[in-house]
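Peer 1: What shape does this take:
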Amino acid sequence: MTADFELSHDELRAVVRFVAQTAEDLLPVFERAQPGDHRPRAAVAAAWDFVDGAPRSKRLRVASMDAHRAAGAAPDEPARLAAQAAGDAASAAYLHPISKEHQVAHILRAAANAARIAEIEADAVAAEKAIELACSRATPAVVGVLRRYPPPSPGRRRVTELMAEVDFRLRSTGLGS
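Peer 2: This is a model prediction of the structure:
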């Protein structure tokens, strides 16, 4: 795979921090549905260790895959989305520096999942607040990385629509310029 641009470890840590903040917020959603399954929590812990200076490691990859497996076994959509966000937090450390729109999901899908969970469990107002929270957490470094990728297509699923909305709002800010 040929890189289209550079991503520093500091930039990756900023992205992982952004994703891990949301994933950590969503852990109770998964744990209410699956109280004995600690795989998503382990993925978020591995992500925070990376943010705190640990190197990229097999632990991150395994924790990410395990959290995504937990998502596949989740009993309902909110639990599935919460576990997926946890897996994304660990895998964000391996964001590829290639100009493909699917890479944006590694940055923004957790935020879109949070908005979708809020929509399911509450209403559109709660979903809007989740999007606003995600946008408030985005640092100039995160927005700068995001802008290196093409914007995602809205898609047909609600989560991809919400991801496109978060993407649009972040690209529209003065951050990362």
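
Peer 1: all helices of this protein, in order?
Peer 2: Ranges of helices within the chain are 9-33, 39-51, 58-73, 77-91, 104-121, 124-137, 140-146, 158-171, based on DSSP state H.

Peer 1: which residue sits closest to the most centrally placed residue in the chain in space, ignoring its chain neighbours?
Peer 2: For the chain, the residue nearest the mean C-alpha position is Ala110 (3.2 Å; Cα atoms, centre = their mean). Once flanking residues are discounted, Ala110 sits nearest to Ala85: 3.7 Å by Cβ to Cβ, 6 or more residues apart in numbering. To be clear about C-beta, it is placed using only N, CA and C from the backbone, and glycine gets the same treatment.

Peer 1: Show the pLDDT at that neighbour.
Peer 2: On pLDDT, Ala85 comes in at 98.

Peer 1: quick one, what contacts it?
Peer 2: Applying Cβ atoms under 8 Å, 6 or more residues apart in numbering to Ala85 gives the contacts Val19, Thr22, Ala23, Leu26, Pro40, Arg109, Ala110, Asn113, Ala114.

Peer 1: Roughly how far does the first one sit from Ala46?
Peer 2: The reference is to Val19. To Ala46, Val19 is 12 Å away according to Cβ to Cβ, to the nearest Å.

Peer 1: Show me which of the two is the more surrounded one.
Peer 2: The neighbour comparison of Val19 against Ala46 (other Cβ atoms under 10 Å) goes to Val19, with 32 against 27.

Peer 1: Was I right to think the more buried one contacts Ala92?
Peer 2: Yes - using Cβ atoms under 8 Å, Val19 is in contact with Ala92, at 4.6 Å.

Peer 1: Quickly list what's touching both of those two.
Peer 2: Both Val19 and Ala92 are in contact with Ala47, His106, Ile107, where contact means Cβ under 8 Å, 6+ apart.

Peer 1: Fine by me, thanks again.
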